[in-house]
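Q: Fold the following for me, if possible:
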Amino acid sequence: MTNKILGKSIKQLEDPNLLRGGAKFIDDINLPNMLYAAILYSTEAHALIKNIDISDAENMSGVVRVITGFDTRTINPLPCMVNPGGDRSKFPPHPYGLPGAQTVLAIDRVRYVGEFLAVVVAETREQAYDALAKIKVNYEPLPLVLNAEDALKADAPQLHETVPNNLNQYNAYGDKEATEKAISNAEVVVKQKICIPRLIHNAEEPRGSIGYYSPETQEYTLWTNTQIPHINRFALSQLIMGIPYNKLNVIVPNIGGGYGSKGYLYPDAALVLFLAKELGRPVKWIDTRAGLARSTVHARDQFQYATMAGTKDGKILALYATIYGNLGAFPTTNGPAAPTVLTGRSITGAYAIEHPFSEIYCVFTNTVPVGPLRGAGRSEATFLVERMVDLFAGEIGLDPAEVRRKNMVSSDNFPYKNGLGWTYDSGNYELALNKALEKIDYNNLAKRKAEAKKEGKRLGVGIGSYVGIAGVGPSSIMHSQAGLNGSTWGSVHLRVHPTGDVSLIVGSQPHGQGQVTTLSQVAAEVLGVDIERIEVLHSETRGAIFGQGSYGSRTFSVEGTTIYKAAQKIQDKARQMAAHMLNVAESDVVAEDGKFYVPGSPERVKTLQEISMALWYAWDLPPEMEPGLETIVFFDPPNFNFPFGTHAVLVEVDEKTGQVEIVRYVAVDDFGKVGNPKIVEAQTHGNIHFGISSALYEEAIYDSFGNIITDSYTTYAIAKASQLPTFELERTVTPNPNTPLGAKGAGDVANLPTSPAIVNAVCDALSDLRIKHIDIPLTPEKVWRAMLG
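A: Numbers count the residues shown, from 1 in each chain. Okay, here's the model as predicted:
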């Protein structure tokens with residue numbers, strides 16, 4: 001590929017409409033005669049529902065309808081689409097024999113604060129919420145459990161009759177016996193319990209849904225800000241509501257951020273469709289920020305018990321991890337995947353560890369359901385291994401950088417099997433490490449530490465190296481190893497019009513990543529078409545090719561490759577047609593910059609537009625050639641892809657307050673070949689911001705009654721822009737050998753090393769106090785108390 005436009009930092013095509021305020025988001029959509037819904041959330045974490053009195057609410061001004069779980073019993077429970085444990089796993093029931101999840105409204109029992117109980121529909125949003133306050137619920141409280149380890153105890157409250165001991169599934173990866181033997185024979189063994197806090201998805205825009213039903217055509221339309229519209233269409237029609245697939249259209253407006261939180265099936269989608277048909281009018285629901293903290297999927301929440309063993313000279317021989325993953329009260333669409341395959345299979349990180357083993361307990365508790373968030377599972381795994389490497393280095397008295405260098409998978413050892421199920425495709429891990437250390441001046445920090453000490457500050461340096469599974473994915477592996485009841489291939493319908501303009505109907509779902517720009521660059525590169533003449537169609541299921549959506553850092557490496565392959569097919573047909581039109585052999589035709597010509601004969605040339613027009617007329621075609629210039633292509637990658645890198649950070653810890661300030665942040669990442677460097681840089685900025693926020697600020701906190709006490713920006717802290725350092729970014733380029741683009745994922749992997757690098761830096765700053773570990777978030781109080789001993 002000549003990189004005429006692909007690989008260049010052109011401006012995002014999406015930006016003008018967004019910057020001018022012309023983009024329509026879910027709350028901007030208003031339909032004639034529309035009604036407004038408000039949803040009542042449970043205020044009890046675990047209780048029987050004795051009675052729901054809706055009489056006062058029904059009599060409120062403007063109220064059209066009030067429904068409870070009694071009214072929605074014909075709607076099936078939501079399904080869980082990912083089950084790594086297979087038949088061994090235990091789920092709530094689903095009438096189709098699938099792994100079941102929650103009902104759209106609770107019927108006789110609530111299992112977490114925030115579970116949907118009732119819906120008020122009124123003429124205005126204000127009237128709906130006024131009436132909501134008039135609903136009286138009579139609960140009979142039951143014992144509750146919030147902690148994953150506690151939920152497994154013999155006397156713990158049971159959430160589901162079909163799930164004994166609250167254990168959804170147990171999964172193990174690696175050779176347990178060999179790992180235990182290696183640990184028992186090792187010269188050095190270090191152990192650490194690590195607590196990964198629960199996080200709340202905080203996209204800029206809360207979720208929302210609008211339902212419409214046409215009695216004339218019996219067709220439903222759902223507007224919703226989801227990352228997976230086609231999967232919503234399939235699941236809602238076939239598994240949840242029992243309506244014909246072709247009678248449901250899902251439309252996605254602009255999305256104000258997703259980060260994984262909008263990649264699920266949620267009850268509100270089915271509710272607005274149900275109500276729209278019942279009432280004969282469109283029904284709109286938009287969540288609130290406090291509601292988001294209770295109804296949108298939470299993330300992370302793991303207890304990890306890690307053991308690392310090796311030699312006194314720094315060779316790591318074994319890593320054993322026991323992980324308790326809190327799934328919340330119900331499984332989300334893909335919830336069990338994060339602690340199992342994404343964490344459990346990824347704990348080796350960038351290192352060649354001969355004997356790795358992980359075991360994962362996925363547990364139900366009386367909390368908001370948990371699922372993937374940016375960096376899902378891999379972030380937790382990276383935190384575990386990077387903290388353990390530093391603890392191991394401290395135990396044997398070696399520099400953490402040297403221990404990393406000694407144990408990294410070497411560049412001549414790819415493809416590399418990590419012993420837990422992943423086969424790393426390509427990499428030069430040590431190069432990224434060396435670049436990060438050089439850039440942060442790793443070997444010359446003694447003077448700076450002394451200067452900081454004079455100012456009452458403790459300077460520390462930390463390293464975070466990572467390998468992140470991305471490019472979801474190969475469908476067969478997603479089924480066999482992740483238990484996906486579905487597929488993850490890429491898809492595109494590419495059409496060259498008689499005018500020479502190009503339409504891409506894509507399978508991805510943009511929500512802020514610049515996908516329209518990057519995918520257009522791929523087509524423009526291959527076809528030689530001006531990018532202004534390419535349109536990218538997405539966000540509506542009717543009339544479109546089935547698309548898997550956007551998640552798991554897959555769009556450029558999977559969907560982009562699909563477009564590349566489709567454009568190549570278009571080129572091949574156009575070349576064949578050009579040869580026919582020029583009356584030469586196909587081998588004599590060269591394609592370049594949208595033109596097809598015979599070298600040495602400048603007058604013998606046809607443009608892509610001329611060829612497309614000739615194929616449209618179809619007056620004179622080669623034998624067996626069909627009219628038109630368009631193609632539908634699917635691409636299922638043979639493997640995931642594995643971006644990697646090393647981040648290095650300098651922090652100062654205030655000796656009086658425990659406040660942590662990030663002084664410098666260096667990131668060296670390798671995403672393979674990138675389509676638009678500026679877009680990738682922006683994604684990297686966002687990832688690092690999120691990692692810093694997770695390391696220093698974010699934590700969802702429950703009280704003993706199961707109430708969320710961090711349900712707003714006044715109680716749930718997120719790093720502000722003013723609290724961030726300048727990000728010093730570099731990239732190495734190690735192409736992905738499994739796709740012609742050479743691309744690896746970039747959307748949600750650069751946050752993986754951030755939190756461990758920061759914790760490693762803080763522990764380095766406090767090393768003379770014999771502080772070996774502090775759990776995140778590193779709040780000033782937590783660090784201050786650690787310094788006090």
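
Q: all strands of the stretch 1-150 of the chain, in order?
A: Applying DSSP state E, counting those that start in this stretch to the stretch 1-150 of the chain gives strands spanning 35-41, 47-53, 63-68, 109-110, 116-122, 136-141.

Q: Reformat those strands as CSV; add mean neighbour count and distance to residue 529.
A: In short, each C-beta sits where N, CA and C put it, glycine included. Shown next, in CSV, are the strands of the stretch 1-150 of the chain (neighbours: other CB atoms under 10 Å; distance: least, CB to CB, whole Å):
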stretch, mean neighbour count, distance to residue 529
strand 35-41, 24, 45
strand 47-53, 15, 59
strand 63-68, 21, 51
strand 109-110, 22, 56
strand 116-122, 25, 48
strand 136-141, 14, 60
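
Q: what would these look like in JSON lines with distance to residue 7?
A: Output for these, formatted as JSON lines (distance: least, CB to CB, whole Å):
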{"stretch": "strand 35-41", "distance to residue 7": "46"}
{"stretch": "strand 47-53", "distance to residue 7": "57"}
{"stretch": "strand 63-68", "distance to residue 7": "53"}
{"stretch": "strand 109-110", "distance to residue 7": "53"}
{"stretch": "strand 116-122", "distance to residue 7": "47"}
{"stretch": "strand 136-141", "distance to residue 7": "58"}
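
Q: now for those strands, which one comes closest to residue 595?
A: Evaluated over the strands of the stretch 1-150 of the chain, closeness to residue 595 peaks at strand 35-41, with 55.6 Å, by CB to CB.

Q: strand partners of that closest one, parallel vs antiparallel please.
A: Applying DSSP bridges, strand 35-41 is found paired with strand 116-122 (antiparallel), strand 283-286 (parallel).

Q: Now do the longest one, average pLDDT.
A: The one in question is strand 116-122. Averaged across strand 116-122, the pLDDT comes to 98.

Q: the longest helix in this protein is where?
A: When the chain is parsed with DSSP state H, its longest helix is helix 560-582.

Q: Might you calculate how far that one sits from the centre of the chain?
A: 34 Å (CA atoms, centre = their mean, to the nearest Å).

Q: Beyond it, next helix or strand please.
A: On the C-terminal side of helix 560-582, the closest following helix or strand by DSSP states H and E is strand 590-592.

Q: can you list contacts of the helix or strand just after that next one?
A: Counting by DSSP H and E, the next helix or strand C-terminal to strand 590-592 is strand 595-598. The contact list for strand 595-598, computed with CB atoms under 8 Å, 6 or more residues apart in numbering, reads 528, 574-575, 578, 582, 584, 588-590, 604-608, 611.

Q: re earlier: reformat the strands paired with strand 35-41 as TSV; add distance to residue 31.
A: Compiled in TSV, the strands paired with strand 35-41 are given as follows (distance: least, CB to CB, whole Å):
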stretch	distance to residue 31
strand 116-122	14
strand 283-286	8
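
Q: of all those strands, which lies closest to residue 403?
A: strand 116-122 (49.6 Å).

Q: And for that closest one, what's in contact with it?
A: Strand 116-122 has contacts (CB under 8 Å, 6+ apart) with 35-42, 49, 52, 54, 57, 60, 62-69, 104-106, 110, 128-129, 131-132, 135, 137, 267-268, 271, 275, 279, 283, 285, 295.

Q: and if we set it to 6 Å?
A: Applying CB atoms under 6 Å, 6 or more residues apart in numbering, the contact partners of strand 116-122 are 35-40, 42, 57, 62-68, 105-106, 128, 131-132, 135, 267, 271, 275, 283.

Q: Also stretch 294-307?
A: With contacts defined as CB under 6 Å, 6+ apart, stretch 294-307 is touched by 41, 114, 149, 183, 191-196, 198-201, 207, 261, 264, 320-326, 332, 368-371, 373, 380, 384, 388, 700.

Q: how far out from the middle of the chain is it?
A: In this view, stretch 294-307 has its centroid 14 Å away from the chain centroid, taken as CA atoms, centre = their mean.

Q: Only C-alpha atoms, please: export that stretch in CSV.
A: Listed next in CSV are the C-alpha coordinates belonging to stretch 294-307 (Å, rounded to 0.1, in the frame of the first residue of the first chain):
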residue,chain,number,x,y,z
ARG,A,294,-28.1,2.6,39.4
SER,A,295,-29.3,1.3,36.0
THR,A,296,-26.2,1.4,33.7
VAL,A,297,-23.8,-1.5,34.1
HIS,A,298,-20.9,-1.1,36.6
ALA,A,299,-17.4,-2.5,36.0
ARG,A,300,-14.3,-4.1,37.5
ASP,A,301,-14.8,-5.2,41.1
GLN,A,302,-12.4,-8.0,41.7
PHE,A,303,-10.5,-9.5,44.6
GLN,A,304,-7.2,-11.0,43.4
TYR,A,305,-4.9,-13.3,45.3
ALA,A,306,-1.6,-13.5,43.4
THR,A,307,1.5,-15.6,43.9
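
Q: Thank you kindly, that will do.
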